[in-house]
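S.K.: dropping the sequence and predicted coords here.
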Amino acid sequence: MAPLSLMSVSTVLVKTLGLFSTATAVRCSCIAPTLKHFSTTVGGRPKRPLTAYMQYVKAQQPLVVKQNPDIKVVDIVRKIAQQWRTLTPEQKRPFEEASLAAKEQYKLDMQKYEAQLTPAQTAAIAEERRQKMAKRKAIRKKRELNTLGKPKRPRTAFNIFMAEHFEEARGTTMQGKLKSLLDDWKGLHTSQQKVYVQLAEDDKIRYKNEMKAWEEHLTELGREDLIRRKEKTPKKLAVTKGGKKSQVKVLKAKAPAKKTAPKKTTARATEKKTESKPKK
């Protein structure tokens, strides 16, 4: 397997080498968000350093294209990856040293770049980085759940209706078809909609049963971290005479106070009490 994926290599080739025609760039439009990460302006964020493998790609790409003028982008990447796997550690060492030098220079450039940022810019960059990390984490978690066979969510009544009548829907665009299906759904009689409502209720039961079995399976695998947390039930709302809703607090009944036994009076205490009384 190549050290980097085909998409990652294609991204660097498009940006760093600029060798492909407009048509090729259009075919690679799916990786445009990744290319944005490498773009820099005057005084902007420094470019990330190339790895040893990408240093090798940068050096070998012109030779491969020169020897094979009609070769495709994917074939270029595949051919260079095969060559890299056959290199000895001694042959890879110059590219690894170049990569280390680029990393050291990148650290110095980043220090200069961060020193010129204002506190507001630093906070904005940190927030953007946090959002990206959260998005990546959510994508990874979703992929993991799908790999573990998480059941599909239940469909609504309209979703079931739309799936059955999508091909025959009016309109040439996706938006037009959806609008026509929504109009058809609103035009259905209540008795006709009840059929799809019942199907949706059955799908909810299916989802509930499958989720229960799936979570039991996760427990057996030791992945309790992926099990849904039960939400706390909200406090009940009571409607007052004025029509306003107020929260009803549930008060626990207090246990009755324990009866304390009367204090025993000793003979000495009785004698003192008698002495304290005034004589008539």
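M.R.: Structure received. Numbers count the residues shown, from 1 in each chain.

S.K.: mind listing what's buried in the longest helix along the chain?
M.R.: Secondary structure of the chain per DSSP state H: the longest helix is helix 190-221. By neighbour count on 16 or more other C-beta atoms under 10 Å, the buried set for helix 190-221 is Y196, L199, A200, D203, M211, W214, E215, L218. (Each C-beta comes from the backbone N, C-alpha and C, glycine too.)

S.K.: and that helix, what other elements does it pack with?
M.R.: Judged by 3 or more C-beta pairs under 8 Å, 6 or more residues apart in numbering; DSSP states H and E, helix 190-221 is in contact with helix 157-165.

S.K.: tell me the angle the helix it packs on makes with helix 190-221.
M.R.: In terms of direction (axes from the mean of the first three to the mean of the last three C-alpha atoms, to 10 degrees), helix 157-165 departs from helix 190-221 by 100 degrees.

S.K.: please point out which parts of helix 157-165 sit buried.
M.R.: Residues A157, F158, I160, F161, M162 are the ones in helix 157-165 that count as buried (16+ other C-beta under 10 Å).

S.K.: looking only at pLDDT, what's the mean for it?
M.R.: For helix 157-165, the mean per-residue pLDDT is 93.

S.K.: which other residues reach the next helix or strand after it?
M.R.: Downstream of helix 157-165, the next assigned helix or strand under DSSP states H and E is helix 174-187. Helix 174-187 is touched from outside by F158, F161, M162, H165, F166, A169, R170, G171, Q193, with contacts defined as C-beta atoms under 8 Å, 6 or more residues apart in numbering.

S.K.: and T173, how many neighbours does it have?
M.R.: Using other C-beta atoms under 10 Å, T173 has 8 neighbouring residues.

S.K.: ok, it to A163 distance?
M.R.: As for T173, its distance to A163 is 18 Å (criterion: C-beta to C-beta, to the nearest Å).

S.K.: need the pLDDT of A120.
M.R.: On the pLDDT scale, A120 gets 93.

S.K.: can you tell me the element it falls in?
M.R.: helix 119-147.

S.K.: tilt between that helix and helix 190-221?
M.R.: Note on geometry: by the same axes, to 10 degrees, helix 119-147 and helix 190-221 are set 90 degrees apart in direction.

S.K.: got the contact list for the nearest residue to K103 once chain neighbours are set aside?
M.R.: In this structure, K103 finds its nearest non-sequential neighbour in P49, 4.8 Å apart by C-beta to C-beta, 6 or more residues apart in numbering. The contact partners of P49, by C-beta under 8 Å, 6+ apart, come to S99, A102, K103, Q105, Y106.

S.K.: go through those residues and flag which are in helices.
M.R.: S99, A102, K103, Q105, Y106.

S.K.: follow-up on the earlier one: go ahead and build a PyMOL selection from the buried members of the contacts of P49.
M.R.: Selection of buried members from those for PyMOL, criterion 16+ other C-beta under 10 Å:
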select buried, resi 99+102
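
S.K.: which one of the contacts of P49 is nearest D225?
M.R.: K103 (34.5 Å; C-beta to C-beta).

S.K.: and that closest one, what's its pLDDT?
M.R.: 96.

S.K.: L145 now?
M.R.: 89.

S.K.: now for the spatially closest residue to it that is not a sequence neighbour: which residues touch it?
M.R.: Take L145 and drop its neighbours on the chain: the residue closest to it by C-beta to C-beta, 6+ apart is L226, 6.6 Å away. Residues counted as contacts of L226 (C-beta under 8 Å, 6+ apart) are K141, E144, L145, L148, L218.

S.K.: which one (most neighbours) among those?
M.R.: So for those (other C-beta under 10 Å), the most neighbours sit at L218, 17 neighbours.

S.K.: that residue and I227 touch, don't they?
M.R.: Yes. Contact status for L218 versus I227: in contact at 5.7 Å, counting by C-beta atoms under 8 Å.
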